[in-house]
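Engineer: quick one: sequence plus predicted model below, questions after.
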Amino acid sequence: MTGRGHGITVAGAHPQPAAVPDRGPVPGAGSPGCALIEDMTTSLDLPEPSTIPLRSPHDVLAAVPYRLGFRPAESIVIACTAERGRPGLVARVGIDELRGDGAAEGLAALARAVAGTHPTYCALVLYTARGAAAADDVVQDVRRALQPVVDVDGWVVAPDGYRGLGCEDPTCCPEPGHPLAALECGEIGAAYVLAGHVVADSADAAYRIPRAPEATRNLAGRAARRSEVARQRATGDAGTGCWRDEALDAWRKALHRVETAAGAAVDGEPVGLAPALVGRVGAALADRVVRDVALLTLVPGGEEAVRATTGEADRATVDDATARVLGRVIDPADAVVPDPDVVARARAVLEQVDAHVPQRLRAPALTLLAFLAWWAGDGPRASYRVGEALDADESYRLAQLLHCVISTALPPGWVRAASSSG
């Protein structure tokens, strides 16, 4: 696995704005001003298959892989339920990361996230093939961090079965444990499967964007380079504004082509864009103004800000407009909900950009993908994407800021508003 660890994956039981197709978790990335566990993925939730309550620890354990989108390995998972057994927050962190720098700060953030959901039950689940004793130190660290917030019920899931953590009663937890099939084939697992949820073997298998064939990557790379050269040659405000207008036209054209081609999709896969257009979009997003304006086009009400900032040479003007629109996304008083169709189209474009462009151009598209996943409530995917962005360019400021938001489990405004009203 590439990236910066496995990430604390936090999935909270919050209503989805709609079925935005997606899943994902992982690598956080240490960044200035954000001293947290690098393997901390914070997620809100995948759409629930039904309102089936989680009535027992066994139900909670059965739901974990579906909530995360993959089977945890060498990790500790915190899985909570709310009133009447409603699925609550799920958080995963790699065992090794709990022994690294920033572990204390990361666990403090995790405790705050758990406290904010007011759980009625909380399971601490150790997933390991190395034996529970080998991870006893980190289990105790997590217990101490959560003790002021909630009582935790300990479990261990190993390749040959699951059992209560520390339980020595053979009538309760026989050696080597209860069969995993009891979790996978029960009512909860069946409900998720019938709802179309799939559990991947790893975070990489769940979220990795395959690279495009070399021939199409070369075409996209040449188109991107031509656009970059044109940007360098643009002189004065007028020249820069003209280049940015053309760059935004490429972005809009890509979104439009994805939309009009949706009916021709095969097996749910979007029709591929022309490599030259993909390369132009990749180069366009490398420009901060174009990237921010492109982001504004995805937020309801953002088009007004786009009209106000398009052609602006003043970076502060664009920054102010972007901050105002993003404030509406973060503020529960506004609670701006993503449009699932818009998010799906943008995702299709941005994933094709990432699959085609050279490494130097990957960070912007991956960061926007992370933002869209976070906004849609899919924290595991958001964490994975922002980790990829920082792997591509560890100094990319927007990715650093978004990583802090994700790893501290700050939900988008519509989620906090729904939690308050529920």
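Structural biologist: Happy to help now that I have it.
Engineer: just how off-centre is the helix or strand containing residue 240 within its chain?
Structural biologist: Using DSSP states H and E, the element containing residue 240 is helix 236-260. Remark: helix 236-260 is offset 27 Å from the chain centroid, using C-alpha atoms, centre = their mean, to the nearest Å.
Engineer: so which elements touch it?
Structural biologist: helix 214-233, helix 275-285, helix 288-296, helix 340-356 (3 or more C-beta pairs under 8 Å, 6 or more residues apart in numbering; DSSP states H and E). Every residue, glycine included, has its C-beta placed from N, CA and C.
Engineer: number of nearby residues for the closest residue to residue 167 other than its chain neighbours?
Structural biologist: Distance criterion C-beta to C-beta, 6 or more residues apart in numbering; nearest residue to residue 167, sequence neighbours excluded, is residue 173 at 4.1 Å. Residues near residue 173, counting by other C-beta atoms under 10 Å, number 19.
Engineer: over to residue 173. Which of the three states is it?
Structural biologist: When classified by DSSP: H, G, I helix; E, B strand; the rest coil, residue 173 comes out as coil.
Engineer: ok, now which ones touch it?
Structural biologist: Residues in contact with residue 173 (C-beta atoms under 8 Å, 6 or more residues apart in numbering) are 163-164, 167.
Engineer: hmm, which of those are the buried ones?
Structural biologist: 163-164 (16 or more other C-beta atoms under 10 Å).
Engineer: any chance of the contacts of residue 173 in CSV, with distance to residue 399, secondary structure and pLDDT too?
Structural biologist: Shown next, in CSV, are those (distance: C-beta to C-beta, whole Å; DSSP: H, G, I helix; E, B strand; the rest coil; pLDDT from 0 to 100):
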residue, distance to residue 399, secondary structure, pLDDT
163, 40, strand, 95
164, 40, strand, 95
167, 43, coil, 90
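Engineer: among the contacts of residue 173, which one lies nearest to residue 283?
Structural biologist: Using C-beta to C-beta, residue 163 is the member of the contacts of residue 173 that sits closest to residue 283, with 54.4 Å.
Engineer: quick check: bridge partners of that closest one?
Structural biologist: Residue 163 forms beta bridges with residue 156, as assigned by DSSP bridges.
Engineer: so that it lines up with my notes, have the first residue be 44 from now on.
Structural biologist: Understood, numbering begins at 44; the last thing we discussed is residue 206.
Engineer: that one touches residue 220, doesn't it?
Structural biologist: Yes - using C-beta atoms under 8 Å, residue 206 is in contact with residue 220, at 3.8 Å.
Engineer: anything in contact with each of the two?
Structural biologist: Taking C-beta under 8 Å, 6+ apart as the criterion, residue 206 and residue 220 both touch residue 199.
Engineer: and the gap between the residue lying farthest from the centre of the chain and residue 207?
Structural biologist: Most distant residue from the mean C-alpha position of the chain: residue 214, 40.6 Å away (C-alpha atoms, centre = their mean). Distance of residue 214 to residue 207, computed by C-beta to C-beta, to the nearest Å: 12 Å.
Engineer: what about the stretch 244-393 of the chain, any weak spots by pLDDT?
Structural biologist: 303-314, 346-348, 350-358 (pLDDT under 70).
Engineer: what number of residues lie near the residue nearest to residue 180 when sequence neighbours are not counted?
Structural biologist: Among residues not flanking residue 180 along the chain, residue 142 sits closest, at 7.5 Å (C-beta to C-beta, 6+ apart). Burial measure for residue 142: 13 neighbouring residues, criterion other C-beta under 10 Å.
Engineer: quick check: residue 142 vs residue 119, distance?
Structural biologist: 11 Å.
Engineer: cool, and residue 249?
Structural biologist: Taking C-beta to C-beta as the measure, residue 249 falls 19 Å from residue 119.
Engineer: next: residue 383.
Structural biologist: 32 Å.
Engineer: who has more neighbours out of the two?
Structural biologist: Higher neighbour count among residue 383 and residue 119: residue 119, with 24 against 15, using other C-beta under 10 Å.
Engineer: what about that one, distance to residue 461?
Structural biologist: In terms of C-beta to C-beta, residue 119 sits 28 Å off from residue 461.
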